[in-house]
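S.K.: need a structure here:
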Amino acid sequence: MADTSAPNGGAPQTEDVAPAINALAQYAKDLSFENPLAPRSPQQQDGGPQINIQVNVNAQQLAEQDFEVVLTLEGDAKVKNEVLFAFELKYAGVFRMRNIPQDQIHPAVMIECPRLLFPFARQIVADAVRNGGFPPLYIDPIDFVGLYRQKAEEAQSAAGAQPTGPLAS
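M.R.: Numbers count the residues shown, from 1 in each chain. Predicted coordinates:
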């Protein structure tokens, strides 16, 4: 009978078949912060500024198992239609998808990868806003499953609105 134990008394070696998402790299691709009213930024108003935030996720395949995922956070804060500050962050990561069924790769890339990137992107935005002279802006957690479903519905509606068949141009 063959010995299947690992060297140095470790666990037996088995083929790695568990699904895995590995972050190979994370980086800021683009960061912009604008403070257009400085140094005369208005003082805190009753009720605080109006905060607007947009979120987007894009991905591209780099190799058979590797994907670059870009989480874009854009936003601004306004008081009486005057922009106090505006920011845009494109925070990216390269992820390796191993042992994930083919039909589950797209949701994993578009949901799980941005979920892993978000805490780091959130901190970068908070620091940029704080360094601009404002209280840090801590963005609320994002429902990436809901965002994924919304984008899928929009894509399905757009595809349904376009003509198909031999007469399509």
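S.K.: run through the protein and note the low-pLDDT ranges.
M.R.: Within the chain, the ranges that satisfy pLDDT under 70 run 1-16, 41-47, 161-169.
S.K.: show me the strands in it, by range?
M.R.: Using DSSP state E, the strands of the chain run over 20-34, 50-61, 66-79, 82-98.
S.K.: got a list of what the most centrally placed residue in the chain touches?
M.R.: With distances taken as CA atoms, centre = their mean, the residue of the chain nearest its centroid is residue 71 (2.9 Å). With contact taken as CB atoms under 8 Å, 6 or more residues apart in numbering, residue 71 is in contact with 55, 56, 57, 90, 91, 92, 114, 117, 118, 121. Bear in mind the C-beta positions are built from the backbone N, C-alpha and C, glycine included.
S.K.: drop anything exposed from those residues.
M.R.: 55, 57, 90, 91, 92, 114, 117, 118, 121 (16 or more other CB atoms under 10 Å).
S.K.: how close does the first one sit to residue 134?
M.R.: It stands for residue 55. Per CB to CB, to the nearest Å, residue 55 is found 20 Å from residue 134.
S.K.: try the fifth one
M.R.: Look at residue 92 and residue 134: by CB to CB, they are 26 Å apart.
S.K.: same question, the third one
M.R.: In this view, residue 90 and residue 134 are 21 Å apart by CB to CB.
S.K.: picking up where we left off before, how about the strands of the chain, which one is nearest residue 127?
M.R.: Ranking the strands of the chain by proximity to residue 127 (CB to CB) places strand 20-34 first, at 9.7 Å.
S.K.: which elements pack onto that closest one?
M.R.: If contacts are counted by 3 or more CB pairs under 8 Å, 6 or more residues apart in numbering; DSSP states H and E, strand 20-34 sits against strand 82-98, helix 113-131.
S.K.: with distance to residue 146 added, can I get those in a markdown table?
M.R.: Output for those, formatted as a markdown table (distance: least, CB to CB, whole Å):
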| stretch | distance to residue 146 |
| --- | --- |
| strand 82-98 | 20 |
| helix 113-131 | 12 |
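S.K.: what's the closest of those to residue 49?
M.R.: Here strand 82-98 is closest among these (CB to CB), at 5.5 Å.
S.K.: quick check: end-to-end length of stretch 74-90?
M.R.: Start-to-end span of stretch 74-90 (CA to CA, to the nearest Å) is 9 Å.
S.K.: ok, and what's touching that stretch?
M.R.: By CB under 8 Å, 6+ apart, stretch 74-90 touches 28-37, 41-42, 45, 49-54, 56, 70-73, 121, 124-125, 128-129, 132, 134, 137, 139.
S.K.: next one: stretch 113-120
M.R.: With contact meaning CB under 8 Å, 6+ apart, stretch 113-120 is reached by 21, 23, 26, 57, 59, 67, 69, 71, 91-93, 95, 141-142, 144.
S.K.: please consider this matter closed, and thank you.
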